[in-house]
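**Student:** when you get a sec, could you give me coordinates for this:
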Amino acid sequence: MADLEIRNLHVRTEDHEILRGVDLNIDRNEVHALMGPNGSGKSTLANTLLGHPDYEITEGSISFKGQDITEAEPHERAKAGLFLAFQYPVAIPGVSVANFLRMAINAKREEPIRVKEFGQELQSAIDLLDVDRTFTSRHLNDGFSGGEKKRAEILQMAMLKPDVAILDETDSGLDIDALRTVAEGVSKLQAEQGMGALIITHYQRILHYIQPQFVHIMLNGRIVLEGGVELVERLEREGYDEIRRQYGSEVTAGANSSGESSA
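**Tutor:** Numbers count the residues shown, from 1 in each chain. Next comes the predicted model:
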């Protein structure tokens, strides 16, 4: 039994079906990449896994560490050990990075973390990720660059120690230096804490720094192709158009057979 099990997941928003039967298993200590063109359903999957209320599960299930969380509230999923790194993290003026981290940790605990213990854990995370201590005194994401926002999320992961983290296009808008910093942080957490990761992206560049063991290609709400890092190399050679030519008709046929539009 995998730590995170997704079975025949169908998801819609308003009157439009987006996911059309997704199956995926992720364990701790595994790095998965989910790739696909814009509009294929990648971010819908990420938001659904963490319980976003705008996305309705119409069929299928999500299990985490042996428990069915299909109907669980977002905070229950986070407390269980799931983490979502957003594509566009929001700013919270007036709340420092350190205070936000402490509140997030307390939300997962029965009793509030002691000041000394929190300080020690924060320092360990700062040392692991090579973050300037003054960074934690700044207001969360307020005036942050794209790279600083993503670094703050990596620091959250280090402190919260999730079993499985979903990174939704965390490479979006990053320059090479910021991308390398984020990739190194994820790799360290995966190695040090045994964290499982699902890296959602439609670019190949972040996967040059974090090499996944498993690669999944999504098209029109379904995973149509799975394999290893060789799929990343294939995409670099052929692009998504070739995948559409080979698998697009199968996805359309599957959607039509379920009574859904292929749009």
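
**Student:** which parts of the stretch 151-263 of the chain are helices?
**Tutor:** For the stretch 151-263 of the chain, helices defined by DSSP state H, counting those that start in this stretch occupy the ranges 176-193, 230-257.

**Student:** need these in CSV (columns: mean neighbour count).
**Tutor:** (C-beta placed from N, C-alpha, C; glycine too.) Converted to CSV, those look like this (neighbours: other CB atoms under 10 Å):
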stretch, mean neighbour count
helix 176-193, 18
helix 230-257, 14
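
**Student:** just give the closest residue to Lys188, not the sequence neighbours.
**Tutor:** Leu128 (5.8 Å; CB to CB, 6 or more residues apart in numbering).

**Student:** tell me who's in contact with the residue nearest the centre of the chain.
**Tutor:** Taking CA atoms, centre = their mean, the centroid of the chain lies closest to Ile166, which sits 1.7 Å from it. By CB atoms under 8 Å, 6 or more residues apart in numbering, the residues touching Ile166 are Ala46, Leu49, Leu50, Leu82, Phe83, Leu84, Ala85, Ala197, Leu198, Ile200.

**Student:** what's the neighbour count on the last one?
**Tutor:** Yep, that's Ile200 we're talking about. Other residues near Ile200 come to 24 when the count uses other CB atoms under 10 Å.

**Student:** surely it touches Lys42?
**Tutor:** Yes: assessed by CB atoms under 8 Å, Ile200 is found in contact with Lys42 at 4.7 Å.

**Student:** give the residues shared as contacts by the two.
**Tutor:** With CB under 8 Å, 6+ apart, Ile200 and Lys42 have common neighbours Leu34, Met35, Asp168, Glu169.

**Student:** give the PyMOL command for selecting the buried subset of these.
**Tutor:** Per 16 or more other CB atoms under 10 Å, the buried members of those correspond to this PyMOL selection:
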select buried, resi 34+35+168+169
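
**Student:** inside strands: which ones of the shared contacts of Ile200 and Lys42?
**Tutor:** Among these, the members found in strands (DSSP state E) are Leu34, Met35, Asp168.

**Student:** and these as JSON lines, adding pLDDT?
**Tutor:** As requested, those are arranged in JSON lines below (pLDDT from 0 to 100):
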{"residue": "Leu34", "pLDDT": "97"}
{"residue": "Met35", "pLDDT": "94"}
{"residue": "Asp168", "pLDDT": "90"}
